[in-house]
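**Q** structure for this input, please:
(chains A and B)
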Protein chains: 2
Amino acid sequence: MMPTSVLVVGTGLLGTSVALSLRDSDFDVEVWLHDENPDASARAADMGAGTVGLPESDPDLVLVAVPPLVTGSVVAQWQRRYATSTFTDVASVKAGPLEDLLAAGGDPTRYVGGHPMAGREVSGPAGARVDLFVDRVWAITPLDGTDLDRVALVRGVAENAGAVPVMLDPTTHDRAVALTSHAPQVVSSLLAARLAHADPSEVMVSGQGLRDVTRIAASDPELWTEIIAANADQVLDVLDELHDDLQTMRDALRHLGGADGGTAGDLADITYLLHQGNVGRARVPDKHGDRLAPEYSVVAVQIDDRPGELGRLFAAAGEAEVNIEDVRIDHALGRLVAVVELLVRPEVAQGLSDSLAAAGYRLRG
Amino acid sequence: MMPTSVLVVGTGLLGTSVALSLRDSDFDVEVWLHDENPDASARAADMGAGTVGLPESDPDLVLVAVPPLVTGSVVAQWQRRYATSTFTDVASVKAGPLEDLLAAGGDPTRYVGGHPMAGREVSGPAGARVDLFVDRVWAITPLDGTDLDRVALVRGVAENAGAVPVMLDPTTHDRAVALTSHAPQVVSSLLAARLAHADPSEVMVSGQGLRDVTRIAASDPELWTEIIAANADQVLDVLDELHDDLQTMRDALRHLGGADGGTAGDLADITYLLHQGNVGRARVPDKHGDRLAPEYSVVAVQIDDRPGELGRLFAAAGEAEVNIEDVRIDHALGRLVAVVELLVRPEVAQGLSDSLAAAGYRLRG
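**A** Numbering: from 1, shown residues only, chains lettered A, B, ... in the order given. Down below sits the predicted model:
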């Protein structure tokens, strides 16, 4: 169900992007824009996101897109002005804003929490895009008693933006993002921090594994401090569990490195922890939203590292009628060749290898 | 400098691959193959890796390719038979085998440690390939007093295999692989283990960050238990440091989640730790062996998720004469489209975008 009138409070990246998607809709949606900073709302209006100002009568929906720590109180404040409107937000945590709303005397029956997962950590209204949420998860966190028509309104906005709505209760949501996003950020950063003072010769031997594990350690520290602090309890729960396993691992390593060289039990502890990692990893959805198993097969091909070579390779793969599921490119250390790993479903790997070999490519197994 | 005769002791994946690269050389190298398991050496010989048996007179080089925990004693044992030969090995740690060699009465002046980093964790002689080490780092760990001619011999074998030799002392090597490979493995596994008992609704919101951080958590637990246990002291040092930072992070989160809501100091602690992660991450070499900065620009394109579409896209990119540095494919959740992110040098991004748009592609900024 689509709203016919929406007020967007806060025209940063997320608010402006939602507004753009509403204006781009097949439905006729009136969009009002408001921001504490008049330049920001004017900028959003210039981008075609709607009209600067406040509606006289209650809009169907008020979307509050302000930082998590003030979301609850801002929703409560605007609920006093628009006494019948449905309210939603875009905060990356959901339990805290709800608590803040209640503490500020807001009406929880008119509030349907939302968290569109834009996927990339960019910021500022200039980065707003009509398609920011296409194919992204948009978590919606109604309470047990929330009116279904109000939920449908938020769902309509999410679907109109091309997102995939996922219904969760607020606490499950916060636990989920702690597990899948906030704790991984902490762990990646703490691991990468070990390299901050490493000798250059020590980092010279780095491989793809380290690059993968530390990729998100490049994230903005200020932004992530806000995100993690707003979900402190849930992130702490995950890190407490991780800390217990880390103690087991360190104990085993201390025994193994000690004078008596440790026991079979120490080795079994390490194997068990690594095995649990296998089990957890197998539960991470792949890019198709499915489980990872079965693993894709890798067809590795050596090409010259210059324009057009990838095009020729992919054209050759296309002629084999094989769908490439993912691609990794491993440039050589200081050489003018690259190894391209094509990830494909196992049953088509041999056919692809044969086709590429027939086309003169050097396969690297 | 190339050896004219080499004995390979242990014809598993690594030993057989080195033997194949020696036989494939422009130089005339006599290669002898020996394994405790006669089937393994016969298999390697069938693959063209050399001749089964032991040379009568001392070979120039003996390459010992057996598990790390027995490498030192096996080197010492064969040094008694071949009293003038240079010895090297392929163990993933270097200090332990040297200690074991000394304890077994071996001659350290004739031993030059080696660690070819094959990059992928496959095992068994069937996986042996002549090009397994092409463009991979091959760490070589001479001691202060090691004869330079003996070092040159090992370097010659590494270069002949297409690898990039990197000289390190044994302890620096072990610290380096603890930092860049073994501790990352532990951290990835411990994080992934948190998902082992998560509710399905909790893992549904996973994104690319989690996939990256947990990718290597799929590694073989038994193999990695051996690797980590053989480097217990160095891995423990890294994990001890990480543990200290984890304590700081947990303390800050506990304060922030507590009744008084924490202080600015708690937030500053979190920001500092995340910032240290930025610093460390910036030191990880990229695929070209350079520092990561400057970041590549991303040109995101939406395509249909079916055979041939990638080929058409890359052909279009090739026509723009732009070199694609890396590729990420983000399949949509349950949709028949994929978003392909092309990573290119910043100065060519606009030209590529324009060319692709002109060719009718839908860009996703």
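**Q** list phi and psi for the spatially closest residue to A:Ala218 that is not a sequence neighbour.
**A** Computed as CB to CB, 6 or more residues apart in numbering or on different chains, the closest residue to A:Ala218 that is not its neighbour in sequence is B:Arg281, at 4.8 Å. All C-beta atoms are positioned from the backbone trio N, CA, C, and that covers glycine. For B:Arg281, the backbone dihedrals are phi -60, psi -40 (criterion: degrees, to the nearest 10).
**Q** what is the neighbour count of B:Arg281?
**A** Residues lying near B:Arg281 (other CB atoms under 10 Å in any protein chain shown) number 25.
**Q** do you know how far it is from B:Val203?
**A** 25 Å (CB to CB, to the nearest Å).
**Q** for A:Gly156, same thing?
**A** Distance, A:Gly156 to B:Val203, by CB to CB: 26 Å.
**Q** show me which helix or strand of chain A is least confident by mean pLDDT.
**A** strand A:326-331 (a mean of 66; mean pLDDT, DSSP states H and E).
**Q** buried stuff in whatever helix or strand A:Glu241 lives in?
**A** Following DSSP states H and E, one finds A:Glu241 within helix A:232-257. Neighbour counts over helix A:232-257 (16 or more other CB atoms under 10 Å in any protein chain shown) mark A:232-239, A:241-243, A:245-246, A:249-250, A:252-257 as buried.
**Q** just checking, what packs against that helix?
**A** helix A:170-177, helix A:183-193, helix A:264-281, helix B:183-193, helix B:221-229, helix B:232-257 (3 or more CB pairs under 8 Å, 6 or more residues apart in numbering or on different chains; DSSP states H and E).
**Q** per-residue confidence at A:Val340?
**A** Note for A:Val340: predicted pLDDT of 79.
**Q** no wait, A:Leu168
**A** 93.
**Q** number of nearby residues for it?
**A** Counted with other CB under 10 Å, the neighbours of A:Leu168 add up to 24.
**Q** end-to-end on stretch A:187-200?
**A** In stretch A:187-200, first residue to last residue: 23 Å (CA to CA, to the nearest Å).
**Q** list the buried residues for that stretch?
**A** For stretch A:187-200, by 16+ other CB under 10 Å, it's A:187-195, A:198.
**Q** which single one of these is nearest to B:Phe314?
**A** Nearest to B:Phe314 among the buried residues of stretch A:187-200, counting by CB to CB, is A:Ser188 at 30.3 Å.
**Q** am I right that that closest one is in contact with A:Arg211?
**A** No - with contact defined as CB atoms under 8 Å, A:Ser188 does not reach A:Arg211; the gap is 11.2 Å.
**Q** and the pLDDT at A:Gly261?
**A** 87.
**Q** what about it, distance to chain B?
**A** Separation of A:Gly261 from chain B (CB to the nearest CB, to the nearest Å) stands at 9 Å.
**Q** contacts only, for the nearest residue to that residue once chain neighbours are set aside.
**A** Counting by CB to CB, 6+ apart, A:Gly261 lies nearest to A:His255, which is 7.9 Å off, once chain neighbours are set aside. By CB atoms under 8 Å, 6 or more residues apart in numbering or on different chains, A:His255 lies in contact with A:261-263, A:266.
**Q** same check on A:Thr16?
**A** A:8, A:33, A:43-44, A:47, A:49, A:125, A:128.
**Q** disregarding residues adjacent in the polypeptide, which is nearest to it?
**A** Of all residues apart from its sequence neighbours, A:Ala128 sits closest to A:Thr16 (CB to CB, 6+ apart), at 3.6 Å.
**Q** now do the helix holding A:Glu241 against helix A:170-177, angle only.
**A** 40 degrees (axes from the mean of the first three to the mean of the last three CA atoms, to 10 degrees).
**Q** A:His182 and A:Gln234 touch, don't they?
**A** Yes - A:His182 is in contact with A:Gln234 according to CB under 8 Å; the separation is 7.5 Å.
**Q** if we can go back for a sec, including distance to A:Asp100, could the contacts of A:His255 go into CSV?
**A** Converted to CSV, the contacts of A:His255 look like this (distance: CB to CB, whole Å):
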residue, distance to A:Asp100
A:Gly261, 55
A:Gly262, 51
A:Thr263, 52
A:Asp266, 48
